[in-house]
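> After the sequence you'll find the predicted model.
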Amino acid sequence: MKKTLAVLLAVAALGAGAFDLQGHRGARGLLPENTLPAFQKALDLGVTTIECDMAITRDGVVVIHHDLWLNPDITRGPDGKWLEQRGPAIAELTFEELRKYDVGRLKPGTEYAKGFPDQVAVDGARIPRLSDLFDLVKKSGNTKVGFDCETKVSPFQPQATRPPEEFTRIVVAEIRKAGMEMRTMVQSFDWSTLRQIQREAPEIRTVYLCSDRSIKARRGPGGSPWLAGFDPEQYGNSIPRAVKAAGGRIWAPHFPLVDKEVLAEAHKLGIVVVPWTVNDPLEMNRLLDLGVDGIISDRPDLVIQERKKRGG
């Protein structure tokens, strides 16, 4: 039964030509990342998928936050002042402690802020739970939008999070509790996380993230520790073939890795390709010309605009 369901989900993921527009961290270019206002904006724009990041607090709450630690470029403390340096790890704080931090504004003058000049501040925005995102979408009445949720674990910073196996099981339980397993994808640079989901929760689709850095990372012999032993060098230096060997059906590469040849190879292997994070209209059009299956963007509004010019 589970194997049959996994096959059906894979066919659905391949999708009969459907284009998957993902709002990165909601719509980070327009509103504060990974907050409920940003997710609402993504819904209002009409994305097909809301992309977000998952962390787990000390008391076991699955929350939505990108960095393993509180980021001083977006975080003000309980005293209302900007953090002067990297804050505590999310895993070190209870949910109630985490809720005391304000993540509704970019810190002025930072390089981070310069990258998102159109982001509108929402002072008082807090780090939400994954369940808060699910509740927001349920209350909206939108029964079609999906979720692409990243496990934020790192083989180079194991002390900053729960072990990947435990992390993954908590996340799967939370998704199932909300009844969102059929609408949710779990993505990760840590391919061992995805392999575990494929074994234990085949009803949840997996998305294989990679960048040039994650592919080439080394901690010793045996290839990149991100790839669970599926180093592209073993597969003719082909990342799509490595993804396929790992059991992947959806690949989310950093967009510079995508060209005509690699996209054709991935499609020949039956792999959906959804590059991240594409914010420049010129790059959007290059990828649309190639025929990618979707785009992850901080500015989903611009992707919509470019696709409309094409009659899409």
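Noted; the coordinates are in hand.
> Tell me how far stretch 284-300 lies from the chain's centre.
16 Å (Cα atoms, centre = their mean, to the nearest Å).
> Mean confidence (pLDDT) on that stretch, please.
In this model, stretch 284-300 has a mean pLDDT of 98.
> Next: stretch 102-119.
In this model, stretch 102-119 has an average pLDDT of 98.
> Could you list the buried residues of that stretch?
Across stretch 102-119, burial judged by 16 or more other Cβ atoms under 10 Å covers 102-106, 116, 119. Every residue, glycine included, has its C-beta placed from N, CA and C.
> How about residues contacting whichever strand or helix holds residue 170?
When elements are assigned from DSSP states H and E, residue 170 belongs to helix 164-177. Helix 164-177 has contacts (Cβ atoms under 8 Å, 6 or more residues apart in numbering) with 54, 56, 60, 62, 130-131, 149, 151, 153, 161-162, 181, 184, 186, 190, 192-193, 196-197, 200-201, 204.
> Looking at the buried residues of stretch 102-119, spot the one nearest residue 228.
Distance to residue 228, by Cβ to Cβ, is smallest for residue 103 among these, at 31.5 Å.
> partners of the top strand by length along the chain in the sheet?
Across the chain, the longest stretch assigned as strand under DSSP state E is strand 49-56. Using DSSP bridges, the strands paired with strand 49-56 are strand 20-23 (parallel), strand 62-64 (antiparallel), strand 146-151 (parallel).
> Other residues contacting it?
Identification of contacts with strand 49-56 by Cβ under 8 Å, 6+ apart yields 20-26, 34, 39, 42-43, 62-66, 68, 90-91, 130, 133, 137, 145-152, 161-162, 167, 170-171, 185, 187, 294, 296.
> tilt between it and helix 164-177?
Computed by axes from the mean of the first three to the mean of the last three Cα atoms, to 10 degrees, the angle separating strand 49-56 from helix 164-177 equals 130 degrees.
> circling back to that earlier point, farthest pair in the buried residues of stretch 102-119?
Using Cβ to Cβ, the pair of the buried residues of stretch 102-119 lying farthest apart is 102 and 116, separated by 17.0 Å.
> what sits against the residue nearest to residue 106 when sequence neighbours are not counted?
Once flanking residues are discounted, residue 106 sits nearest to residue 113: 3.9 Å by Cβ to Cβ, 6 or more residues apart in numbering. With contact set as Cβ under 8 Å, 6+ apart, residue 113 has these partners: 73, 106-107, 119.
> which SS class is residue 186?
When classified by DSSP: H, G, I helix; E, B strand; the rest coil, residue 186 comes out as strand.
> let's number from 49 now, not from 1
Will do, 49 is the new start, and the previous item becomes residue 234.
> where along the stretch 49-198 of the chain do the helices fall?
Ranges of helices in the stretch 49-198 of the chain, per DSSP state H, counting those that start in this stretch, are 50-62, 84-93, 143-146, 159-162, 178-188.
> And the pLDDT at the residue nearest to residue 271 when sequence neighbours are not counted?
Once flanking residues are discounted, residue 271 sits nearest to residue 279: 3.2 Å by Cβ to Cβ, 6+ apart. With respect to pLDDT, residue 279 has a value of 95.
> Contact partners for residue 279?
Residue 279 makes contact with 270-272, 290 under the criterion Cβ under 8 Å, 6+ apart.
> Cool, thanks, talk later.
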